[in-house]
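# fold the following, please.
(chains A and B)
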Amino acid sequence: MSTLVIITIISLCAIGIVSAVILYLVAQKFKVEEDPRIDIVEGLLPGANCGGCGYPGCRGLAEAAVKSETMDGILCPVGGAETMNKIAAALGREVKAQAPKIAVVRCNGHCENRPRTSVYDGARSCAIEHSLYVGDTACGFGCLGCGDCVTACPFDAIHMDPVSSLPVVDEQKCVACGACVKACPRNIIELRNKGPKDRRVFVCCVNKDKGGIARKACKAACIGCGKCAKECPFGAITVENNLAYIDYSLCRLCRKCVSVCPTGAIHEVNFPPRKTETEAEKAQAVTATPQTTRETDSKN
Amino acid sequence: MLKTFKIGGVHPPENKLSASENIQVLPVPEKVIIPLGQHIGAPATPVVQKGDKVKAGQLIAQAAGFVSANIHSSVSGTVLSIDSVTDAAGLSKPAITIQVEGDEWIPEIDRSSKPEHQIPSSKEEILKAIAAAGIVGMGGATFPTQVKLTPPPGNKAEVLIINGVECEPYLTADHRILLEKGEEILVGVQILMKAIEVKRAIIGIENNKKDAIAHLQQLAAKTPEIEICPLKVRYPQGGEKQLIQATIKRAVPSGALPIAVGAVVQNVGTALAVYEAVMKNKPLIERVVTVTGKSVKKPGNFLCRIGTPISQVIEAAGGLPEDTAKVIGGGPMMGRAMVNIDSPVMKGTSGILLINEREASRKPMRNCIRCSKCVSACPMGLEPYLLMKLSQFNLLERLEEEKVMDCIECGSCSFTCPSDRPLLDYIRLGKARTGAMIRSRKK
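Numbering: from 1, shown residues only, chains lettered A, B, ... in the order given. As a prediction, the model looks like this:
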């Protein structure tokens, strides 16, 4: 009986050893040469596999980063500048600092601004509602409120506000991966520069209808009057198809456009409360030339 | 045993309330709005300008490309504007607005009601007349007719199938024209047969229109090449592929056109329009529209000019009932709810259905219980529950494998679902996305 056990053990061990040797030889023969740096870079990435960089997952970005000579066009929006610096250091390259971005919802059509004209009782999906008709308001460009962006977000950074039924971006959680931008059938969400001290100025509307029609559909619509474009000292605002757009790379956050907008379609975010009328006048009297005003404004 | 299609199908309550109402001619409205995109394909290009005087039947917009259709003025008057107007879905679409002054027609149109029988002998002449008249599929698909009558090279039509099925509940426009314009329709069928050079035509009519079947059988006794085929009542028999299966027992392969099995399908409304275009020189400027609904005072069938505001057609049927919850363009199965009833009647408007609050209520969606009712209802042999899930997860390659592009969007699956799941809503989305993916691949 005991010999049987011993024979079994010995023969199994022998099979194991032979197989190990064969496997080793095969592995050597068919070895895939891979740059070891890809593994290193992948280790530095957040591992969310969100696709925000435009590559299929983190490994895709790592391969592209190792393969390309420069770091141009390669950015992990989730990790941001910090991760990119680490990757550049690991690869022994220089990386240009890229400003962090954030998703911005460009619609302010809550129930008070934009009265509901019909009841949508179909499937709760913006894409379906968009393919069927104008939506439950008269604005054919604004938010439909079914929350496709919320479903698409892999970082739990966008939520529907129950009161306004508009999506709200959580500034702490948003990593600007762009999943919501792709999910929105009406292209309301845009990735914009986060701005110094998280301060941003943007046109909170995407309505391209003529002024009268847009205004009738929504009180807070951009009517394309062009006042902001005239007011802007930096030429950052363009009006096209009855819609103003602020180029964030040119905007220096002077906020002059915000006060001239007749419908309040231009929004400012994270600025300290404005000075009262008299204080502002005093401040204007103190600053001598318009040149200096600009500088102080741009520092804001 | 009556003929019908092989797989799937449902039988919704018929509710043909206006079946015994004669076609009434609706008075010419004060203003018409004629959209430039009333057909599948490129919107037409306007050939008139603001302030121009036009007569009824005059060409006001020309077909822009191969798959497109001419558009004619349906009234006489002055062009008020060529601008975008809000359509039935609330979206801005380009249209020509005409202020009506009198009712003067272009002299080329023969307005007498005497039926003509002298069919032109040349095929080219017929196709030219059809294209010039801007005729599109009148069943609702609005595909330009002359394109459908020009089969791609290498294909030969063997039989013409005329769709008088009208399987949509409530609608009766085709039923009425079969009864009242039967003689003209038969001439139209003969013209169409000549245009595609076939020796045989079948008119498929569902058995709930017994009077129309008897009437046409009597009329067609003189013309042995035209066969009247009574069909069992079953939705969606009016679908092209279902009708071919029901009448000539041939199955159109997946992704192929009916011409692949030698069939060309045309609607009875189209046959009538073809008759009027070829024999009377009359372009497509008016059509029969059913206005119906359980709360409507006087449901009826109205011959109205293209561009008549829908609100005016509803007015003719006794006005908008108090308890109207939805106004649907088309029938209850495939029609679309409107948000703007001042939008105009178009070439493809077969009916206006006013449904009340009780009928319109949509129950909340519940979980799929895997009863497979949708699978047995699908006339294309697809698996709707699976397509919906795949569409929700945006798995386009899988959708393509599961033949989502074969879906005819008949809505039998949503109709039959005991859990009230919006199957078709999601499938339509998936189909649109898959179609876009396939097109981008070809580029």
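# tell me the SS of B:L354?
strand (DSSP: H, G, I helix; E, B strand; the rest coil).
# wait, it sits on B:K298?
No - counting by Cβ atoms under 8 Å, B:L354 does not reach B:K298; the two are 11.9 Å apart. All C-beta spots, glycine's among them, are computed from the backbone N, C-alpha and C.
# show me the residue at the heart of chain A, geometrically.
A:A176 (3.0 Å; Cα atoms, centre = their mean).
# ok, and the closest non-adjacent residue to it?
A:K101 (3.9 Å; Cβ to Cβ, 6 or more residues apart in numbering or on different chains).
# list the contacts of that neighbour.
Listed by Cβ atoms under 8 Å, 6 or more residues apart in numbering or on different chains, the contact set of A:K101 reads A:77, A:176, A:191-194.
# how about those residues in CSV, adding secondary structure?
Output for these, formatted as CSV (three-state DSSP):
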residue, secondary structure
A:P77, coil
A:A176, coil
A:L191, strand
A:R192, strand
A:N193, strand
A:K194, coil
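# residues contacting the residue in chain B that chain A sits nearest to?
Residue nearest to chain A within chain B (Cβ to the nearest Cβ): B:G90, separated by 2.9 Å. Applying Cβ under 8 Å, 6+ apart to B:G90 gives the contacts A:117-118, A:133-135, A:138, A:140, B:339-340.
# now with 6 Å, please.
The contact partners of B:G90, taken as Cβ atoms under 6 Å, 6 or more residues apart in numbering or on different chains, are A:133-134, B:339-340.
# over to B:L231?
If you count contacts by Cβ under 6 Å, 6+ apart, B:L231 has them with B:3-4, B:204, B:206, B:237, B:246.
# from those residues, which is closest to A:L250?
For the contacts of B:L231, the closest approach to A:L250 (Cβ to Cβ) belongs to B:Q237, at 61.7 Å.
# circling back: in this structure the residue nearest to the centre of chain A contacts A:V78, no?
No - the pair A:A176 / A:V78 is not scored as a contact, 8.2 Å apart, by Cβ atoms under 6 Å.
# how many neighbours does A:Q28 have?
8 (other Cβ atoms under 10 Å in any protein chain shown).
# let me fix that, I meant to ask about B:P283.
B:P283: 27 neighbours (other Cβ under 10 Å).
# pull out the buried residues from stretch A:126-145.
A:126-130, A:132-145 (16 or more other Cβ atoms under 10 Å in any protein chain shown).
# on that earlier part again, of the contacts of A:K101, just the buried ones, PyMOL syntax please.
To isolate the buried ones among these in PyMOL, judged by 16+ other Cβ under 10 Å, type:
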select buried, chain A and resi 77+176+191+192+193+194
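# where along the stretch 201-350 of chain B do the helices fall?
Remark: helices assigned in the stretch 201-350 of chain B by DSSP state H, counting those that start in this stretch are B:210-219, B:240-248, B:268-280, B:310-316.
# adding mean neighbour count and mean pLDDT, write these out as TSV.
Below are these laid out as TSV (neighbours: other Cβ atoms under 10 Å in any protein chain shown; pLDDT from 0 to 100):
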stretch	mean neighbour count	mean pLDDT
helix B:210-219	16	94
helix B:240-248	24	94
helix B:268-280	26	94
helix B:310-316	19	94
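# can you name the element that comes right after the strand or helix carrying A:I7?
Element membership of A:I7 [criterion: DSSP states H and E] is helix A:2-29. Sequence-wise, the next helix or strand downstream of helix A:2-29 (DSSP H and E) is helix A:36-44.
# residues contacting B:V32?
B:V32 touches B:74-75, B:98, B:307, counting by Cβ under 6 Å, 6+ apart.
# what's the burial count for A:A99?
By other Cβ under 10 Å, neighbour count at A:A99 equals 13.
# once you drop chain neighbours, what's closest to it?
Closest to A:A99 by Cβ to Cβ, 6+ apart is A:N193, at 4.7 Å.
# give the full set of residues in contact with the one you found.
A:99, A:101, A:248.
# tell me what it is bridged to.
Here A:N193 sits in beta bridges with A:K101, going by DSSP bridges.
# I'd say B:V252 and B:E240 touch.
No - between B:V252 and B:E240 there is no contact under Cβ under 6 Å: 7.6 Å.
# and B:N163, its phi and psi?
With angles defined as degrees, to the nearest 10, B:N163 sits at phi -90, psi 100.
# show me the contacts for the residue lying closest to it once chain neighbours are set aside.
Spatial nearest neighbour of B:N163, excluding adjacent residues (Cβ to Cβ, 6+ apart): B:N267 at 4.8 Å. By Cβ under 6 Å, 6+ apart, the contact set of B:N267 is B:137-139, B:163.
# need those in TSV (columns: pLDDT).
Below are the contacts of B:N267 laid out as TSV (pLDDT from 0 to 100):
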residue	pLDDT
B:G137	92
B:M138	91
B:G139	84
B:N163	95
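# ok, those residues vs B:S419, which is closest?
Checking these one by one against B:S419 (Cβ to Cβ), the nearest turns out to be B:G139, at 31.0 Å.
# can you name the residues that contact the closest one?
So B:G139 contacts B:N267 (Cβ under 6 Å, 6+ apart).
# three-state assignment of it?
Classified using three-state DSSP, B:G139 is coil.
# could you do B:L178 as well?
helix.
# hang on, isn't it packed against B:A212?
Yes - counting by Cβ under 6 Å, B:L178 touches B:A212, with 4.1 Å between them.
# contacting residues for A:A179?
A:152-153.
# against A:G51, how distant is it?
Separation of A:A179 from A:G51 (Cβ to Cβ, to the nearest Å): 7 Å.
# before we move on, what about A:V26?
35 Å.
# swap in B:K93?
36 Å.
# with B:K55 instead?
From B:K55 across to A:G51, the span is 59 Å (Cβ to Cβ).
# ok, now A:L45?
A:L45 is 12 Å from A:G51, by Cβ to Cβ.
# of the two, who's got more company?
A:L45 (22 against 17).
# doesn't A:R59 make contact with the more buried one?
No - contact between A:L45 and A:R59 fails when scored by Cβ under 6 Å: they sit 8.4 Å apart.
# returning to that earlier point: what sits against the residue nearest to the centre of chain A?
Applying Cβ under 6 Å, 6+ apart, the residues near A:A176 are A:77, A:101-102, A:191.
# at 10 Å instead, please
Contacts here follow Cβ atoms under 10 Å, 6 or more residues apart in numbering or on different chains; on that basis A:A176 touches A:52, A:75, A:77-78, A:80, A:100-104, A:155, A:157, A:169, A:191-194.
# ok, A:E268 next?
With Cβ under 10 Å, 6+ apart, A:E268 has these contacts: A:199-202, A:253, A:255, A:257-259, A:274, A:300.
# could I get the residues you listed in TSV, plus columns for neighbour count, pLDDT and secondary structure?
Formatted as TSV, these follow (neighbours: other Cβ atoms under 10 Å in any protein chain shown; pLDDT from 0 to 100; DSSP: H, G, I helix; E, B strand; the rest coil):
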residue	neighbour count	pLDDT	secondary structure
A:R199	15	90	coil
A:R200	21	91	strand
A:V201	24	93	strand
A:F202	21	94	strand
A:L253	20	90	coil
A:R255	16	90	coil
A:C257	24	92	helix
A:V258	18	92	helix
A:S259	14	91	helix
A:R274	12	78	coil
A:N300	14	38	coil
